[in-house]
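Visitor: Attaching a predicted model along with its sequence, questions to come.
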Amino acid sequence: MPAVRFEHISKTYTGARGTLRALDDVSFGIEPGEFFGLLGPNGAGKTTLISILAGLGRATSGRALVMGHDVATEPAAARKALGIVPQELVFDPFFSVRETLVIQSGYFGVRGNGAWIDELLECLGLADKAKANMRQLSGGMKRRVLVAQALVHRPPVIVLDEPTAGVDVELRQTLWHFIARLNREGHTVLLTTHYLEEAEALCGRIAMLKKGKVVKLDRTANLLSGTASTMLRFKTDDALPPALAARARVTGRIVQLKAHDAAEVERDLGVLREAGVRVEDLEIGRADLEDVFLEVMGEAGEAVVA
Amino acid sequence: MSVLTLSLAGAGTLFRKEVLRFWKVAFQTVAAPVLTAVLYLLIFSHVLEERVEVYPGVGYTSFLIPGLVMMSVLQNAFANSSSSLVQSKITGNLVFLLVTPLSHWAWFVAYVGASVARGLLVGAGVLAVTVWFGPPPLAAPVWVVVFSVLGAAMLGALGLIAGLWAEKFDQMAAFQNFIIMPATFLSGVFYSVHSLPTFWQTVSHLNPFFYMIDGFRHGFFGVSDTNPWISLAIVGGSFLGVAALTLRLLATGYKIRA
């Protein structure tokens, strides 16, 4: 039985400005113990899909299951198996960190879990903030509390919706260290992130979503090897010859050119030399997930804002 | 753990959280409304004590006290559930509740229960302070309990409806100022509806708040404008109607689940 299963999920919003198809026949499963990444540009439908899983929204058609429980017909069982870290930095200003966690446990019918709450506080670097009111915490600290809140009832499935957006390096490391540990202990993790290097480092499998459709789903290793796997990077102030300009990814002075093999790299260098382009800091590297992402999104049509 | 015991435990937690929420700011949520009611009492009793006798042998101040107590109960019961819900919606922390296995019954029982708790606490506060002005008799205390609990529960449920419906604080203020306030003020808190012209008496009898206050007052004086059993039937029926609507809205996730 998959830990999470989406079956033909579609979601249509009808508003004053017409209808918007946010999700279009999305189907895939996540096996127990997987660390699964959900990637896509803004507006691709990632948060909508997660909202349906968490019961925050309803699918127009299709069904979603958590540990075999349909979120629409068995919401209590499905939600008990799920811990969700929401994207928005929300908190209840009336309570301290510990009170927040005790209350959240109670909603799930969990009492007397003080030892687990202590462990969560410790592992997330919140131990000295336990008595602080939520209002007194910095943004990063509030984010840690959100993670702890999602885990108070020890859910088998953990969903993290952009958990590291706008947080400092220290928290990202603390968080990933802890989530990776939970994953090793058997928890299934579903992650959406804008940081593609995080997805590459952590996720065993990745689904890419664009305009409400799954456009790619594979093991991370297969995604990386399936693309043009060599990348030529250099800096220049000169204009590129048209043949290369069409293929290049340019960020300021930095130019990146994908190549399938060494011969293609040599050809590209020849074109640059003939055109008289002055090249600095030349390096040849492996393609990363960002390259795969841009390639997939490009194939699926139109420009992409990652 | 069965779904029922889980839901009961969850509802208990939500009830305690809602009580803690107002208790932590009790100066604003309990002490302030008690002071407001006492100010009303001071001013109206000063102006009217010598001039008005509503029931034979009952002075105006004595008549006014139960009305003010009940008005405070009702307004604070409404304020508790409505403000809590609308704040959670607007700040976004309602998500912590939405992702839990709590049923719509658990939400209802917890929010309405906390509204009743705050309403009764404020009401008891007003009553305790007004003892200095000469306490009204307690002819039939059972009616006092029945109408205060039922009235607070009805306003707690109305507060939930308002909280679900309102998307902004000004919408909530409109609900409170244009529906709850007039219905409370025009229900016989400050006067007996028998003193009104016939037309306005008829209008008053269409207002369920009138029966809450009239029945509550009966518990103090043993006399009222309407038979307390009739008031009980009307208030009880209104509560069931409002409760059914509230439960329906919660079950369908009206304006809280997209």
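Guide: Sure, I can see it.

Visitor: For the stretch 101-250 of chain B, which residues are neighbours of chain A?
Guide: The stretch 101-250 of chain B comes close to chain A at residues B:P101, B:L102, B:S103, as judged by C-beta under 8 Å from any C-beta of the partner chain. Using the backbone N, CA and C atoms, a C-beta is placed for each residue, glycine as well.

Visitor: Looking at these, which one is closest to B:L64?
Guide: Distance to B:L64 across these (C-beta to C-beta) is lowest for B:L102, with 41.2 Å.

Visitor: Pull the contacting residues for the closest one.
Guide: A:Y107, B:S7, B:G10, B:A11, B:L14 (C-beta atoms under 8 Å, 6 or more residues apart in numbering or on different chains).

Visitor: Correct me if wrong, but it is in a strand.
Guide: No. B:L102 is assigned coil when assessed by DSSP: H, G, I helix; E, B strand; the rest coil, not a strand.

Visitor: where does the nearest residue to B:S62 once chain neighbours are set aside fall, phi/psi-wise?
Guide: Excluding its sequence neighbours, the residue lying closest to B:S62 (C-beta to C-beta, 6 or more residues apart in numbering or on different chains) is B:P136, at 4.5 Å. Per-residue torsions, B:P136: phi -70, psi 160 (degrees, to the nearest 10).

Visitor: Look at B:P136 and report its pLDDT.
Guide: We have a pLDDT of 82 for B:P136.

Visitor: cool, and the one 3 residues further on?
Guide: Predicted confidence (pLDDT) for B:A139: 90.

Visitor: how close does the residue nearest to B:S62 sit to B:W105?
Guide: 37 Å (C-beta to C-beta, to the nearest Å).

Visitor: More neighbours: which of these two?
Guide: Under the neighbour definition other C-beta atoms under 10 Å in any protein chain shown, B:P136 and B:W105 were set side by side, and B:P136 has more, 22 against 15.

Visitor: ok, now which ones touch that one?
Guide: By C-beta under 8 Å, 6+ apart, B:P136 lies in contact with B:V58, B:S62, B:F63, B:I65, B:P66, B:F220, B:F221.

Visitor: Around chain B, which positions in the stretch 51-200 of chain A sit nearby?
Guide: A:51, A:54-58, A:75-77, A:79-80, A:82, A:84, A:86, A:88, A:90-95, A:99, A:103-109, A:111, A:149.

Visitor: Grab the most central residue of chain B for me.
Guide: Closest to where the C-alpha atoms of chain B average out (C-alpha atoms, centre = their mean) is B:L74, at 1.9 Å.

Visitor: ok, and the closest non-adjacent residue to that one?
Guide: Nearest residue to B:L74, sequence neighbours excluded (C-beta to C-beta, 6+ apart): B:L155, at 4.8 Å.

Visitor: ok, so what distance separates that neighbour from A:P241?
Guide: B:L155 sits 76 Å away from A:P241, going by C-beta to C-beta.

Visitor: Please identify which of these two sits among more neighbours.
Guide: Remark: of B:L155 and A:P241, B:L155 carries more neighbours, 32 against 15, as counted by other C-beta under 10 Å.

Visitor: Work out for me the element the more buried one sits within.
Guide: Assigned by DSSP states H and E, B:L155 belongs to helix B:141-165.

Visitor: Check the offset of that helix from the chain's centre.
Guide: On the basis of C-alpha atoms, centre = their mean, to the nearest Å, helix B:141-165 sits 5 Å off its chain's mean C-alpha point.

Visitor: Check which helices and strands the following helix or strand past it is in contact with.
Guide: With elements assigned by DSSP H and E, the helix or strand that comes after helix B:141-165 is helix B:169-175. Packed against helix B:169-175 by the contact rule (3 or more C-beta pairs under 8 Å, 6 or more residues apart in numbering or on different chains; DSSP states H and E) you find helix B:60-91, helix B:141-165.
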